[in-house]
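I would like to see how this sequence folds:
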Amino acid sequence: MQFSEKLKRRVIISVTSLIDVMFLLLIFFMVTSTFIEQPGMKLDLPSAQNAETTVTQKMVLFINSDNDMIFGGRIVPADSLDSVMRKAASDSKDGTLVLNADKTVQHGTVIRVMDAAKRSGMKRLVVGTKDDGK
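Next up is the predicted model:
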């Protein structure tokens, strides 16, 4: 008696369609994901090595190491800074404030000044630096 031997079929799994589906899922998640942007002021920060020279005499705020704020050649108390800057912003053409703060000034003081500039309607805030000559 003769038995016929069945040939075993070799199973082949095609991964091409799996790769296509995974690629489409990757694109879908990349497109639909959201990126959280932290709120804050947009600053135009000049580099200390390649600093640009900007001549703005009216809108310069100096903060010395004693936290005294000097705006327009006179000392401005911290509580009246909003009103002084609001008046200066309405008189300014470009709305740019140059902030020159001593390096020993506390970070909180600089942040309060930046918030006051934003509330008063300043369009740009430039942090003044000195060229380190490198």
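
Outside of the lengthiest strand in the chain itself, list whatever touches it.
Longest strand in the chain, counting residues (DSSP state E): strand 96-101. For strand 96-101, contacts defined as CB atoms under 8 Å, 6 or more residues apart in numbering pick out 54, 56, 59-63, 85, 88-89, 109-110, 113-114, 117, 122-128. In short, each C-beta sits where N, CA and C put it, glycine included.

What about those, which are in helices?
85, 88-89, 109-110, 113-114, 117 (DSSP state H).

any idea which of those has the most stuff around it?
Neighbour counts for the ones in helices among the contacts of strand 96-101 (other CB atoms under 10 Å) peak at Ala117, which has 26 neighbours.

neighbours around Phe71, how many?
Phe71, neighbours per other CB under 10 Å, totals 19.

right, I mislabeled it, should have said Ala78
Neighbours of Ala78 using other CB under 10 Å come to 13.

where does the chain dip in pLDDT?
1, 35-58, 130-134 (pLDDT under 70).

got the residue ranges for the strands in it?
Counting by DSSP E, the chain has strands at residues 60-63, 69-71, 74-76, 96-101, 124-127.

Looking at those, spot the one closest to Ile12.
strand 124-127 (64.4 Å; CB to CB).

what helices or strands is the closest one leaning on?
strand 96-101, helix 107-120 (3 or more CB pairs under 8 Å, 6 or more residues apart in numbering; DSSP states H and E).
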